[in-house]
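>>> Okay, predicted coordinates and the sequence, questions at the end:
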Amino acid sequence: MAPGGPIDSTSKLVDEDILLILSRLPFNEAARTSVLAQRWRHIWRGTRSVELLERFFVRPGDSEEIRENKRREFMEFVRQWINDSDRESEIDKFSFSLSNPKPFQDDLYAVLSFPSSRNVKELYLDFSDPSWEQDDPKKTHKAVCNIPGPVYRNHDLQSMKLYSCSFMDQWFGNFGSLKELSLGWIELESASMKAVMEKCPLLLSLNLKRCWNRGKGMEITGTNLKLRKLRIENCGYEWWCFDFPNLKEFKYSGRISILHFDSVRTPVENVELDFGVEKEFQRVGDYLQMLLHDLTSARILTICTYVLQVIPSGMQSLGIYGRSLEGYVPPFELRANDFWINNTTTYKCLRSYEVIYYCFKEIFQ
């Protein structure tokens, strides 16, 4: 640095401090720091947050031929990165995505075995195709990758996401420290889900996305279940049965299916229901009324406009009850019957409009 020139404050940092900073950046941004100076050329390789994601190389709008070439470039980068990585360094988070893994089976074992030797705490594996997001929610996809044995050696895992990955539930006993689990784009049987819940006693958060078992239902139950957050997105089951005594947050989006709650011992803080994908408005009013009745312990209830349009067709009369707030003067008088009858038709933004009720207690009279 020339005398009187700008001061480079990073020159005073030791490599360990720089690594802490780089570990907080997205992986691709950390890699770009390699061009800053000779000293920075290899520091980023020691980051504790590794994201080897196909989208860094492959663009959805390109032709299939170009995307295949880009995938090969991506996998060559992955191989090189693993070969050059520090064998002694630990990694907190490891993410890997590849939408067409079949041509790279010889490489996948090495890639998926890599995290088990680094004491990874967060593991995200995604083999789904981005184009599946545009499919009809009723369309199902089978898993395109099998999880190899070394993945189950990650005894310190606290958070895991498996998309389009088939797994062996009997080996989930190795994940005794797991607190967050996301499963997506797989055929998932109720027995497998039950086994996972029993083998992961510390599980606090569960996300299910586009999971399915055609013509069957799903039970989410377990002994001494500690689950506090459950999110279900566009899954394909005829019915659901829940037993979660400690649940605080429940979010469901997708088509209407039977939701049965065996046990909710403590008030649920937050419930969200989104049936925006439904196109039929007949013969479900009674069911939605019963569903809302089962969820009257919720302190915050968020519902889509589909619910508002359908529940007046149920057999029971509806009401809205609440406590008066000292010093608060409402801007208008709320008449329950008029509200439900006159305010259940919307003309725009049917999927995005939401009505939120705070301190929701009871809708039946």
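On my side now, so go ahead. Numbering: from 1, shown residues only.

>>> in the stretch 1-150 of the chain, which spans are helices?
Secondary structure of the stretch 1-150 of the chain (DSSP state H, counting those that start in this stretch): helices located at 15-22, 27-32, 64-84, 105-113.

>>> roughly how far apart are the residue nearest the centre of the chain and Leu183?
The residue lying closest to the centre of the chain (CA atoms, centre = their mean) is Asn207, at 4.8 Å. According to CB to CB, to the nearest Å, Asn207 and Leu183 sit 7 Å apart. To be clear about C-beta, it is placed using only N, CA and C from the backbone, and glycine gets the same treatment.

>>> Report the buried residues of the helix or strand where Lys194 lies.
Counting by DSSP states H and E, the element that carries Lys194 is helix 190-199. For helix 190-199, burial by neighbour count (16 or more other CB atoms under 10 Å) applies to 190, 192-199.

>>> now stretch 209-227
Buried residues in stretch 209-227 (16+ other CB under 10 Å): 209-213, 218-222, 225-227.

>>> which residues does the residue lying closest to Asp135 once chain neighbours are set aside contact?
Nearest residue to Asp135 in three dimensions, chain neighbours excluded: His141, at 7.9 Å (CB to CB, 6 or more residues apart in numbering). Taking CB atoms under 8 Å, 6 or more residues apart in numbering, we find His141 in contact with 128-129, 132, 135, 164, 185, 210.

>>> Looking at these, which is nearest Arg71?
Arg71 lies nearest to Asp129 out of these, by CB to CB, at 11.7 Å.

>>> one step back: out of the contacts of His141, which end up buried?
Of the contacts of His141, these count as buried by 16+ other CB under 10 Å: 128-129, 132, 164, 185, 210.

>>> Are we agreed that Leu162 is in a strand?
Yes. Applying DSSP: H, G, I helix; E, B strand; the rest coil, one finds Leu162 inside a strand.

>>> Please tell me I have it right and it contacts Leu178.
No. Under the criterion of CB atoms under 8 Å, Leu162 is not in contact with Leu178, lying 11.5 Å apart.

>>> tell me the domain ranges of the chain?
Domains of the chain are assigned by automatic domain parsing as 13-47, 48-216.

>>> So which of these is nearest Glu249?
For Glu249, the closest of these is domain 48-216, at 8.6 Å, according to CB to CB.

>>> centre of the chain versus that closest one, how much separation?
13 Å (CA atoms, centre = their mean, to the nearest Å).

>>> quick check: mean pLDDT across it?
The average pLDDT within domain 48-216 is 91.

>>> picking that back up, export the domains of the chain to TSV and tack on distance to Asp274?
As requested, the domains of the chain are exported to TSV (distance: least, CB to CB, whole Å):
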stretch	distance to Asp274
domain 13-47	29
domain 48-216	11
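
>>> My guess is Lys226 contacts Leu206. True?
No. Counting by CB under 8 Å, Lys226 does not reach Leu206; the two are 10.8 Å apart.

>>> tally of neighbours for the residue lying closest to Gly217 once chain neighbours are set aside?
Nearest residue to Gly217 in three dimensions, chain neighbours excluded: Trp239, at 3.9 Å (CB to CB, 6+ apart). Applying other CB atoms under 10 Å, we find 12 other residues in the vicinity of Trp239.

>>> The one 4 residues further on too?
The number of residues packed around Asp243, counting by other CB under 10 Å, is 18.

>>> Check the gap between it and Leu301 for me.
21 Å.

>>> same question, Arg48
Distance, Arg48 to Leu301, by CB to CB: 40 Å.

>>> okay, these two: which has more neighbours?
Leu301 (22 against 18).
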